[in-house]
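[1] what's the 3D shape of this:
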Amino acid sequence: MEDPKQPQAAAPVPQAKRRSRWLSALLYALAACGLIALVLSGVAYYQHKKATAVPEYLTIDAAAVIEKTMAEKYGKYSATRKGWLYVDEDNRAYVMRVVQQKKMRGADGDELYFLASGEGWIDDDRASVYGVFHIRPTRPRDGTLVEISQPAIAGYGAAIKREDVRFEALSKNSWGWFVRVADGMEPTMQRALTHNVVWAPRENGMAKLGQFMAAADQDPGMPCDEAKQAYDEWLELPEAERRGVEPTGAPRCERQRWSYRTGKATDATPVPITVTLGGTLDGKPVASRKWTLKFDTKHSRYTVPAELEDPAQ
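    Modelled structure (predicted):
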């Protein structure tokens with residue numbers, strides 16, 4: 001007969017119940033690991049998205065962009081000569097400097113315009129070169145900048161200076177340069193002409209929109225009335241004889257000037273340009289004349305009459 005006071009042995013835990021507890025623990029561990037991995041992935045994605053996000057408005061560090069662009073286009077900067085050293089195809093060395101710059105606010109970010117110029121010598125032969133640059137956000141926006149430029153334009157005589165450049169609004173959303181470019185002639189030796197050359201960035205590159213007269217100078221080295229008499233006598237010669245004496249005409253006292261004024265930019269069409277003649281010829285004021293240069297949208301340039309491109313005396 002069993003003793004009712006004697007404790008009975010604990011019943012053994014079923015094997016299935018032990019396996020269920022082990023699987024539960026494993027599932028909890030896997031779930032925790034998955035949650036941690038999900039959190040880490042989310043943090044990584046957020047950091048990547050934050051780092052690669054396109055800014056709503058892209059700002060430009062003008063000094064840094066100019067330094068980088070000038071070095072890429074022209075060469076190493078010389079602290080002693082205070083410019084970038086550029087060597088052309090003729091092995092002529094120029095010292096390039098930025099003579100005009102302007103930073104504007106655009107729809108997608110800052111837009112930087114600047115003009116660089118320099119002159120170089122080979123023996124006694126002087127030449128100049130200039131370049132026009134437009135830096136703006138890439139379209140469509142991706143957080144980078146695009147460069148539109150014409151870095152090496154022949155300038156003939158002395159280097160373009162700051163006072164030779166005007167930055168004008170050509171339309172409601174475009175700007176351009178009016179650059180006074182001299183032909184390098186000496187007025188005491190030959191008639192010296194200076195033109196206004198209009199440059200502007202287009203969607204796929206820099207474009208020359210036209211050129212028109214800015215100045216014509218001549219110094220005959222004698223009183224103006226005597227020079228005028230010699231010129232009139234030259235005109236009376238037969239054409240063949242006239243060319244044998246002086247193919248380009250007897251020198252006259254000349255200091256003609258063409259000023260210009262741009263119209264108001266109201267839409268996407270480039271504004272008209274009003275050109276006015278003034279100055280003196282043969283020591284006397286010239287009769288004032290005006291021209292209106294309109295933009296030819298079909299050919300993407302201004303229509304300029306021949307008398308404003310290379311005027312006769």
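
[2] and whatever helix or strand residue 112 lives in, average pLDDT?
    Taking DSSP states H and E as the definition, one finds residue 112 inside strand 110-122. In this model, strand 110-122 carries a mean pLDDT of 93.

[3] following that strand, which helix or strand comes up?
    With secondary structure assigned by DSSP H and E, strand 110-122 is succeeded by strand 125-137.

[4] please name the strands paired to that next one in the sheet, noting orientation.
    Strand pairing for strand 125-137, determined by DSSP bridges: strand 110-122 (antiparallel), strand 145-154 (antiparallel).

[5] how far off centre is the strand holding residue 112?
    Relative to its parent chain, strand 110-122 has a centroid offset of 9 Å by Cα atoms, centre = their mean, to the nearest Å.

[6] in that strand, what's buried?
    110, 111, 112, 113, 114, 115, 116, 117, 118, 119, 120 (16 or more other Cβ atoms under 10 Å). (Glycine included, C-beta is placed from N, CA and C.)

[7] got a markdown table for those residues, with distance to residue 239 too?
    Formatted as a markdown table, these follow (distance: Cβ to Cβ, whole Å):
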| residue | distance to residue 239 |
| --- | --- |
| 110 | 59 |
| 111 | 54 |
| 112 | 54 |
| 113 | 48 |
| 114 | 49 |
| 115 | 43 |
| 116 | 45 |
| 117 | 41 |
| 118 | 43 |
| 119 | 39 |
| 120 | 40 |
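
[8] tell me the contacts of the spatially closest residue to residue 86 that is not a sequence neighbour?
    Leaving aside its sequence neighbours, residue 86 sits nearest to residue 74 (Cβ to Cβ, 6 or more residues apart in numbering; 3.9 Å). Going by Cβ atoms under 8 Å, 6 or more residues apart in numbering, residue 74 touches 84, 85, 86, 94, 96, 116, 151.

[9] of the residues you listed, which is the nearest to residue 182?
    Checking these against residue 182 with Cβ to Cβ, the nearest one is residue 94 at 16.7 Å.

[10] where does the prediction get shaky in the stretch 151-300 of the chain?
    Low-confidence segments of the stretch 151-300 of the chain (pLDDT under 70): 243-249.

[11] now the helices for it?
    Using DSSP state H, counting those that start in this stretch, the helices of the stretch 151-300 of the chain run over 224-236, 239-245.

[12] do you know how far the residue most central in space within the chain is from residue 147?
    By Cα atoms, centre = their mean, the chain has its centre lying nearest to residue 133, at 2.1 Å. Per Cβ to Cβ, to the nearest Å, residue 133 is found 7 Å from residue 147.

[13] who touches both of those two?
    With Cβ under 8 Å, 6+ apart, residue 133 and residue 147 have common neighbours residue 69.

[14] kindly report the domain assignment for the protein.
    If you go by automatic domain parsing, the domain ranges for the chain are 56-160, 161-313.

[15] coming back round to it: identify the residue spatially nearest to the residue nearest to the centre of the chain, adjacent ones excluded.
    That would be residue 149: by Cβ to Cβ, 6+ apart, it lies 4.4 Å from residue 133.

[16] show the model's pLDDT score for that neighbour.
    For residue 149, pLDDT reads 96.
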